[in-house]
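> Structure of the sequence below:
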Amino acid sequence: VEELSEEERKRLVYLCGALDSERCADHVREMLLTLMEQEQVNRQLLMELMVRMQRYDLLKCVLNTTRTEAERLLKNSNNLSEYILMDELSENLSSSDLKSLVFLLRGTLPTEKAEKIECFLDLVVELERLDLISSSRMEVMEQNLRAIHRVDLARRLSQ
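Now for the predicted structure:
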């Protein structure tokens, strides 16, 4: 866990379904241990997380498996399905896109929260907390992506 960057820790926390990514990113190890104790995280989920994050080095040294073996085992897995789309969108947004989205949502987001948004997943978590988006309701995000001329990403949400 120490080898993950701050953004990778936030991605990991988000992909595990934690809504408090800001606080949890500092305590990823504890969060994972707790989830493992509660049997919410298993070896397969950890493999899927490392493959999604393209951390094949950790896949090898921590889980003692190769990328090929992990991808074969995960071929039909969808433990993260609810979170994958937002993670993929995050990978395709530039920092200027993020700034534009935060600007458009400035009247919706509490000022202190808006100022702390460092990545797209931070924004997603805040919108989820405000109950403006969910896995079944993406209209707010879709509208704002269209407003910043990222129609390609907005279309992915509506599919």
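> Please list the outside residues in contact with the helix of greatest length in the chain.
With secondary structure taken from DSSP state H, the chain has its longest helix at helix 81-92. Contacting residues not belonging to helix 81-92 are listed as 11, 14-15, 17, 52, 80, 119-121, 124, 135, 152-153, 156-157 [C-beta atoms under 8 Å, 6 or more residues apart in numbering]. Every C-beta, even on glycine, is put in place using the N, C-alpha and C of the backbone.
> and those, which are buried?
The neighbour count (16 or more other C-beta atoms under 10 Å) marks 11, 14-15, 52, 80, 119-121, 124, 153, 156-157 as buried among the contacts of helix 81-92.
> Specify which member of those is nearest to Lys113.
Within the buried ones among the contacts of helix 81-92, proximity to Lys113 (C-beta to C-beta) peaks at Val124, which comes in at 12.3 Å.
> so how far is Thr108 from Glu126?
Noted for Glu126: a distance of 9 Å to Thr108, by C-beta to C-beta, to the nearest Å.
> Show me the domain layout of the protein.
In terms of domains, the chain is parsed into 6-76, 82-158 (source: the TED database).
> Same list (those domains) but as a markdown table, adding mean pLDDT.
Listed next are these as a markdown table, based on pLDDT from 0 to 100:
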| stretch | mean pLDDT |
| --- | --- |
| domain 6-76 | 77 |
| domain 82-158 | 92 |
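> residues contacting Lys99?
Lys99 makes no contacts at all, as judged by C-beta under 8 Å, 6+ apart.
> let's see 10 Å
The contact partners of Lys99, by C-beta atoms under 10 Å, 6 or more residues apart in numbering, come to 117, 148.
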